[in-house]
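dropping a prediction and its sequence here:
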Amino acid sequence: MQNAERSEGASVTLVDGHVHLRSRFNVSEILSAAVENFDAIAARTADVHAVLLLAEAVGEESFARLAAHDRPVGRWRFDESDERCVLDAERDDGRRLAIVNGRQWTCDNKLEVLTMGGDLRLRDGMPLEACIEAGLGEGALVVLPWGFGKWTGERRRRVIAAIDRFGSSLVIGDSAARPGRSDAVLEHARGGGLPVLPGTDPLPISPHRRRIGRYGLQLAGSPPRTGRRAWLESQIRSSQPGTRTIGSRDSLPAAIATQLRLRLG
C-alpha cells in the first residue's frame with residue numbers, strides 16, 4: 001500500500017476520486033470507514049483533510065438527501081457550505097470530510113463519463129463525445145473512468161480517440177478495481193499529459209461498504225475556506241510536489257471475485 005508522505009506537522013488533502021454512497025448501506029458506517037481508511041494511509045501525518053468526489057448515477061440522490069438532513073445521521077451531521085456542490089460532514093468526535101457533488105453517465109457504448117463538481121443533468125445513452133462536450137460546456141471536471149472489461153476492443157479505440165480529441169481538458173479515472181500494473185489507455189493518457197484521478201468506485205456488494213478511502217490521490221496542503229471546488233480541480237490537474245497516488249488496487253483474483261459477486265447478486 002502506498003501511504004501518504006509522513007512528515008510531522010504536514011497538511012495534506014486525501015481525495016477518493018470516484019465515490020458512490022450506496023443507499024443499501026448505512027451511510028454513517030460508510031463515512032466512518034472512509035475516514036478510518038484515509039487515516040490509516042496517512043499515518044502520523046498531522047493535519048489530514050478528507051474529500052470524497054461523488055459520481056452519482058441516474059436515480060442516485062445521496063448528496064441531495066444528506067444536504068436536506070437537519071439532524072445527525074448516525075454519528076454524522078451535514079452542513080451546506082458556501083458552494084452548492086460541496087457538503088461538509090462532521091462526526092461526533094470532530095472528524096470531518098468534504099463531499100463534492102458529481103454525476104456518472106453511461107454513454108451509448110456503455111462507456112462512462114463522470115462530471116464532477118456540480119449537478120449537471122444529462123441523460124444516459126448519449127454518444128461519448130456529446131456527453132464530454134456537455135460536461136465541458138458546463139464547466140465540470142470531466143473524467144473518463146476505467147471500468148472492468150470496458151477499455152477493450154472498439155471501446156478502447158473510442159476512448160483513445162476521445163483523449164486525442166479533447167486532450168488535457170479531460171481527466172482519466174483510475175480505479176481500485178483495476179488489477180495489473182499497466183493499461184494501454186492509461187499509458188496513452190499519461191503520454192499525452194492528462195492527469196489521472198484514482199478512486200475506489202464502490203459497487204453495491206457487501207464487501208464494498210467499507211471500501212471508500214482505500215485508493216485515491218494525495219494533494220499537498222489543505223483546501224481554502226472558500227473556493228474548494230476550484231482548488232481541488234486545479235490541484236488534480238497539476239503535478240505539484242506532494243501530488244501522488246495513495247492506497248492500493250485489487251489483485252486479479254479479488255477483481256474477478258468482485259465481478260462474480262456483482263453478477264450473482
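Sure thing, it's come through. Residues are numbered from 1 along each chain as shown.

please make it C-alpha for all contacts and neighbour counts, starting now.
OK.

need the strands for the stretch 1-150 of the chain, in chain order.
With DSSP state E, counting those that start in this stretch as the criterion, the stretch 1-150 of the chain has strands at 11-19, 47-54, 76-80, 86-91, 96-100, 102-106, 112-116, 141-145.

can you list those strands in TSV and add distance to Gly221?
Shown next, in TSV, are the strands of the stretch 1-150 of the chain (distance: least, Cα to Cα, whole Å):
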stretch	distance to Gly221
strand 11-19	5
strand 47-54	9
strand 76-80	23
strand 86-91	18
strand 96-100	15
strand 102-106	23
strand 112-116	21
strand 141-145	21
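
figure out which of these is closest to Glu129.
Set against Glu129 and scored by Cα to Cα, the strands of the stretch 1-150 of the chain come closest in strand 112-116, at 9.7 Å.

which one of the strands of the stretch 1-150 of the chain lies nearest to Glu36?
That would be strand 47-54 among the strands of the stretch 1-150 of the chain, by Cα to Cα, at 10.3 Å.

angle of that closest one against strand 96-100?
The directions of strand 47-54 and strand 96-100 differ by 30 degrees, with axes from the mean of the first three to the mean of the last three Cα atoms, to 10 degrees as the criterion.

could you dump strand 47-54 to PDB, C-alpha only?
What follows is strand 47-54, C-alpha atoms only, in PDB (Å, rounded to 0.1, in the frame of the first residue of the first chain):
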ATOM      1  CA  ASP A  47      -3.300  17.500   9.500                       C
ATOM      2  CA  VAL A  48      -5.400  15.400   7.200                       C
ATOM      3  CA  HIS A  49      -8.300  16.800   5.100                       C
ATOM      4  CA  ALA A  50     -10.500  14.100   3.500                       C
ATOM      5  CA  VAL A  51     -12.500  14.700   0.300                       C
ATOM      6  CA  LEU A  52     -15.000  12.400  -1.500                       C
ATOM      7  CA  LEU A  53     -15.900  13.100  -5.100                       C
ATOM      8  CA  LEU A  54     -19.300  11.700  -5.800                       C
END
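
list the buried ones in that strand?
Neighbour counts over strand 47-54 (16 or more other Cα atoms under 10 Å) mark Val48, His49, Ala50, Val51, Leu52, Leu53, Leu54 as buried.

hmm, who's touching that strand?
Outside strand 47-54, the residues that touch it by Cα atoms under 8 Å, 6 or more residues apart in numbering are 9-21, 35, 38-39, 42, 96-103, 116-117, 222-223.

same check on stretch 175-187?
The contact list for stretch 175-187 (Cα under 8 Å, 6+ apart) reads 18, 145-148, 151, 156, 159-160, 172, 174, 196, 198-201, 214-215, 248-252, 255.

of the residues you listed, buried ones?
The neighbour count (16+ other Cα under 10 Å) marks 18, 145-147, 151, 156, 159-160, 172, 174, 196, 198-201, 214-215, 248-250, 255 as buried among these.

quick one, what contacts Arg156?
Neighbouring residues of Arg156 by Cα under 8 Å, 6+ apart: Lys150, Val185.

element containing it?
Assigned by DSSP states H and E, Arg156 belongs to helix 153-166.

what's the angle from that helix to strand 141-145?
Orientation of helix 153-166 against strand 141-145 (the same axes, to 10 degrees) gives an angle of 150 degrees.

beyond helix 153-166, next helix or strand please.
strand 170-175.

partner strands of that next one, with direction?
Strand 170-175 pairs in its sheet with strand 141-145 (parallel), strand 196-199 (parallel), by DSSP bridges.

now do the first one against strand 112-116, angle only.
With the same axes, to 10 degrees as the basis, strand 141-145 and strand 112-116 are set at 150 degrees to each other.

strand 141-145 to strand 102-106, inter-axis angle?
For strand 141-145 against strand 102-106, the angle by the same axes, to 10 degrees is 50 degrees.
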